[in-house]
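Chemist: Here's my sequence, what's the structure:
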Amino acid sequence: MRRFLINSSIFAVALAATPAMAQDAPATAEADTGGYGDIVVTAQKREENLQSVAAAISVVSGEQLDQRGVVNITSLQQLVPSLNFKDSATTLDSSVFLRGVGTINFSIAAEPSVGFVVDGVTYARSGEAFGDLYDIQRVEVLRGPQGTLFGKNASAGVISITTRRPGNELGGFVEAQATTDEEYKVRGAIDLPVSESIKTRFTANYGRFDGTVRNITLNRTVNGYERWGVRGMVVAEATPALTFTLIGDYRRQHSDCCAEVIGTAPAGALAASLAGVNLKGDETRQIRQNTLTFTRETSWGVSLQGDLDVGALGTLTSITAYRKYRNFGKRDGDFIDTVYNIAGGNQLDDFGPQPSKTFTQEIRLASPGHQTFEYVVGGFYYNAKQQRTFERDDIVCSATTLPPVAPGLAPCAAGSSTLRFPSAVGTFGSTIENYAIFGNLTFNVNDWFRLIGGGRYTHDNVDAFNRRTPATNGGGPGLLNVGADYKLHTSNNDFSWRAGAQFDVTDTWMLYGTYSQGYKGPAFNVFFNQNANQLAPIAAETADAYEAGSKFRTADGTFTLNTALFYAKYHNFQANSFVNLNGSVITQLTNAGDVSTRGVEVDALLRPARNFTLTGGLAFTDAHIDKFNLPPNSPPGSSTRQGERLPLAPKWKGNLGATWKIETGGFADIELGSQLSITSDQVSSLEPNPVTRRAITIDGYAILDANIALVDPNGVWRVNFIGRNLTDQSYATLITTGGPGGSFRYLLPRDVDRYFGVNARFNF
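Modeler: Numbering: from 1, shown residues only. Predicted coordinates for the structure are as follows:
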């Protein structure tokens, strides 16, 4: 058995030598690692050494983000192989995937599969955290079901962000960044101690970017943003045993993002509607849209955490939080700039606000460490209310006297055409309420063997409504002529549990194996055009997950090797598929059936010399459909789609990074860094037609970044020259059907083109 384990570790080292990225990213900030010291994580609701936790956890430090000039949550997918990000025309519909599992969700009465937690506070929508990352201590990515400690919206994993705490002395930093494609950012922080027992920290950031796509019709660049935010933290030691932490934040974002480019030629005469656009798939950088797709967001929140030392029982923690979020978006739904007298050539625009508010309360007791029995027990309450007012306006042309621009294609305009202006407004929303009690126990049988157990009991209440007026002026594509007044309710109880064991082979090598259950609560497919046949609740999603891992680290911290094997099967998988409803392509949330994901993750860190670090890791993920629930009235012989890959689940993903600090002995040291990330092919959505599925497949790509920094030996200043996507690799984050004339739409990421920049930081 020992020989098998040693051989497996040797094989893992060979894998880690391939272009890959560290699963546990051990090169974290000095505050977390103490140089070559331990990496501290809170994945089990207590501070622990990463190498002693029986779970696959990726850790990205604030220092790593600063060195690379990365301040955006979407960039994490280039640092964590098992993480993938789905972009969208609005952050409301953006989502995260871990190990190939996530929710492409557009329903207001459903939740994501990957939970987001910031300083212990659960966010209702992942998109609320998709702004800039600033003043970050560390980001922990917990892969696989995390329901025992983090709740029902963590059936695929959790992203937990910890921000920097106030220092003991007056100080801070200011930082500015500018790039060759005209992106500008400024941020700063200051520590203001009030007394020996009260300390504060305040941070602020501002960013602006014009975008990467040219709208020919509006004569402007789009897919950019302007955003700013502020954050404050007060830490007060009321007594030697009691500490309060008060955190408040506010942010705003105005973005003309994200217009989808038409990357393929429309069929037939409608091709004339994109005249002058150079259609080159994901290399397309032009659109012709007469409506500006944009999002306006406002988000703020406040949390109060109390930590009470109760002696031998441990630490009693209470976290009370309230968050409010408002999104107003407008979207060009026809992707062209002219009304034509042709079927499918209508103009269609969607817009409206979506406010939400979330209240959470958690209380838990965590025992002291290094005891025979170590435990975390607690309770959690969650109440999230969301509402959306959605208006869809059409322009339909039934006749025109204007000359055709192509055979069978004539433009329409007021005074020369017969036009209708159908419109409809819907207001729909949800209230999701959750009660839970949870516990986790570690039994230290002896110095080298531990048993793990835990469970969570959850009760969900989901209420939803939909009120829609009938479409005016005879309706039109994407508009129903019937109104709606639906009130929906469902509830569910669940008990999920976890069990496992840890074995210390040596003082520096640990093996573990765990079984865990995942749970995501019931939902409703509530959306604008919902009809009477779509009122049934979407059943809760559950998972059975197995994980076996090895964590090895030399005593001096110069070499780390962590591996994990995983398998998870999801039942009643909640997924969206694209359908055509009333002439408009939409996505429909459903229980798709049973899916599974399995694979291996390998991470390594090597410090072959002082000030020189290599990180590498590789993730192989096989996520596919096991059993597909055929929709009602499916034609005979319809495919069960067994074996079809899940969306946004590349089989191979890896990363290789290097950092080297050269101590010159002069006025500045030199830091060199590089990062290579590789992603294999991935399909964008569930699609039964193999031809269409190939058309919406994102081809594999590799992204190479680098930086050169001049650093003051005393740590006062730093000037960092960065290069992103140095090979100028164009790629899409999503390809979907529904473009004009049967064409395909492409969403492009921020780093779709090569650019350079400079970042300057001054510490005081």
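Chemist: which stretches of this protein have low pLDDT?
Modeler: 1-37, 69-72, 89-92, 105, 126-127, 129-132, 343-345, 577-587, 631-640 (pLDDT under 70).
Chemist: which residue ranges form the helices in it?
Modeler: 2-16, 30-33, 62-68, 147-150, 690-695 (DSSP state H).
Chemist: for the third one, packing partners?
Modeler: Counting contacts by 3 or more C-beta pairs under 8 Å, 6 or more residues apart in numbering; DSSP states H and E, the secondary-structure elements packed against helix 62-68 are strand 136-143, strand 669-679, strand 701-711. Backbone N, C-alpha and C define where each C-beta goes, glycine included.
Chemist: Tell me the strands beside the first one, with direction?
Modeler: Using DSSP bridges, the strands paired with strand 136-143 are strand 57-61 (antiparallel), strand 157-163 (antiparallel).
Chemist: how about the strands in the stretch 451-600 of the chain?
Modeler: 484-506, 509-520, 541-553, 559-581, 584-609 (DSSP state E, counting those that start in this stretch).
Chemist: which parts of the first one are buried?
Modeler: This means strand 484-506. Neighbour-count burial for strand 484-506, counted by 16 or more other C-beta atoms under 10 Å, picks out 484, 486, 488, 490, 492, 494, 496, 498, 500-502, 504.
Chemist: and the longest strand along the chain, what other elements does it pack with?
Modeler: Longest strand in the chain by number of residues (criterion: DSSP state E): strand 373-400. Helices and strands touching strand 373-400, by 3+ C-beta pairs under 8 Å, 6+ apart, are strand 347-366, strand 417-420, strand 423-444.
Chemist: if you set the cut-off to 10 Å instead, what comes out?
Modeler: The helices and strands touching strand 373-400, judged by 3 or more C-beta pairs under 10 Å, 6 or more residues apart in numbering; DSSP states H and E, are strand 121-123, helix 147-150, strand 315-332, strand 347-366, strand 417-420, strand 423-444, strand 449-468.
Chemist: Of all these, which one comes closest to residue 54?
Modeler: Smallest distance to residue 54 across the helices and strands packed on strand 373-400 (C-beta to C-beta): 5.9 Å, for strand 449-468.
Chemist: May I have the strands that pair with that closest one, each with its orientation?
Modeler: By DSSP bridges, strand 449-468 pairs with strand 423-444 (antiparallel), strand 484-506 (antiparallel).
Chemist: Tabulate the ones you listed (JSON lines), appending distance to residue 77.
Modeler: JSON lines is the format used below for the strands paired with strand 449-468 (distance: least, C-beta to C-beta, whole Å):
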{"stretch": "strand 423-444", "distance to residue 77": "27"}
{"stretch": "strand 484-506", "distance to residue 77": "27"}
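Chemist: Please state the offset of stretch 483-497 from the chain centre?
Modeler: Stretch 483-497 has its average C-alpha position 25 Å from the chain's average C-alpha position, going by C-alpha atoms, centre = their mean, to the nearest Å.
Chemist: ok, now stretch 732-746?
Modeler: In terms of C-alpha atoms, centre = their mean, the centre of stretch 732-746 is set 22 Å apart from its chain centre.
Chemist: mind listing what's buried in that stretch?
Modeler: Buried, per 16+ other C-beta under 10 Å, within stretch 732-746: 732-741, 743-746.
Chemist: Over to stretch 461-477?
Modeler: By neighbour count with 16+ other C-beta under 10 Å, stretch 461-477 contains the buried residues 461-466, 468, 471-472, 475-477.
Chemist: Using PDB, list the CA coordinates for that stretch.
Modeler: Coordinates of each C-alpha in stretch 461-477 appear next as PDB, following Å, rounded to 0.1, in the frame of the first residue of the first chain:
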ATOM      1  CA  ASN A 461     -39.700  28.200   2.000                       C
ATOM      2  CA  VAL A 462     -39.900  29.600  -1.500                       C
ATOM      3  CA  ASP A 463     -42.600  32.100  -2.500                       C
ATOM      4  CA  ALA A 464     -42.900  33.600  -6.000                       C
ATOM      5  CA  PHE A 465     -45.300  35.700  -8.000                       C
ATOM      6  CA  ASN A 466     -45.700  36.900 -11.600                       C
ATOM      7  CA  ARG A 467     -48.100  39.700 -12.700                       C
ATOM      8  CA  ARG A 468     -48.000  40.500 -16.400                       C
ATOM      9  CA  THR A 469     -50.300  42.700 -18.500                       C
ATOM     10  CA  PRO A 470     -51.400  41.300 -22.000                       C
ATOM     11  CA  ALA A 471     -49.300  42.600 -24.900                       C
ATOM     12  CA  THR A 472     -50.700  45.700 -26.500                       C
ATOM     13  CA  ASN A 473     -51.200  46.200 -30.300                       C
ATOM     14  CA  GLY A 474     -51.700  42.500 -31.100                       C
ATOM     15  CA  GLY A 475     -48.500  41.200 -29.500                       C
ATOM     16  CA  GLY A 476     -45.500  40.200 -31.400                       C
ATOM     17  CA  PRO A 477     -42.400  38.000 -31.200                       C
END
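Chemist: Let me see the contact set for the closest residue to residue 231 other than its chain neighbours.
Modeler: Closest residue to residue 231 apart from its sequence neighbours, by C-beta to C-beta, 6 or more residues apart in numbering: residue 249 at 4.3 Å. By C-beta atoms under 10 Å, 6 or more residues apart in numbering, residue 249 lies in contact with 118-119, 163, 203, 229-233, 299-303, 323.
Chemist: partner residues bridging residue 244?
Modeler: As for beta bridges, residue 244 partners with residue 236, residue 306 under DSSP bridges.
Chemist: That one: how many residues sit nearby?
Modeler: Using other C-beta atoms under 10 Å, the number of residues around residue 244 comes to 16.
Chemist: Can you verify my assumption that it contacts residue 236?
Modeler: Yes. In this structure, residue 244 is within contact of residue 236 by C-beta atoms under 10 Å, at 4.8 Å.
Chemist: so what sits against both of the two?
Modeler: Residues touching both residue 244 and residue 236 by C-beta under 10 Å, 6+ apart: residue 198.
Chemist: Could you report the neighbour count for the nearest residue to residue 734 once chain neighbours are set aside?
Modeler: Leaving aside its sequence neighbours, residue 734 sits nearest to residue 747 (C-beta to C-beta, 6+ apart; 4.2 Å). As a burial measure, residue 747 scores 23 neighbours (other C-beta under 10 Å).
Chemist: Identify the residues contacting residue 747.
Modeler: 86-89, 223, 257-261, 282, 684, 698, 732-736 are the contacts of residue 747 under C-beta under 10 Å, 6+ apart.
Chemist: how about a cut-off of 6 Å?
Modeler: With contact taken as C-beta atoms under 6 Å, 6 or more residues apart in numbering, residue 747 is in contact with 87, 258, 260, 733-734.
Chemist: can you put those in JSON lines and add distance to residue 713?
Modeler: JSON lines is the format used below for these (distance: C-beta to C-beta, whole Å):
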{"residue": "87", "distance to residue 713": "41"}
{"residue": "258", "distance to residue 713": "43"}
{"residue": "260", "distance to residue 713": "48"}
{"residue": "733", "distance to residue 713": "40"}
{"residue": "734", "distance to residue 713": "45"}
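Chemist: Adjacent strands (with direction) for the longest strand of the chain?
Modeler: Using DSSP bridges, the strands paired with strand 373-400 are strand 347-366 (antiparallel), strand 417-420 (antiparallel), strand 423-444 (antiparallel).
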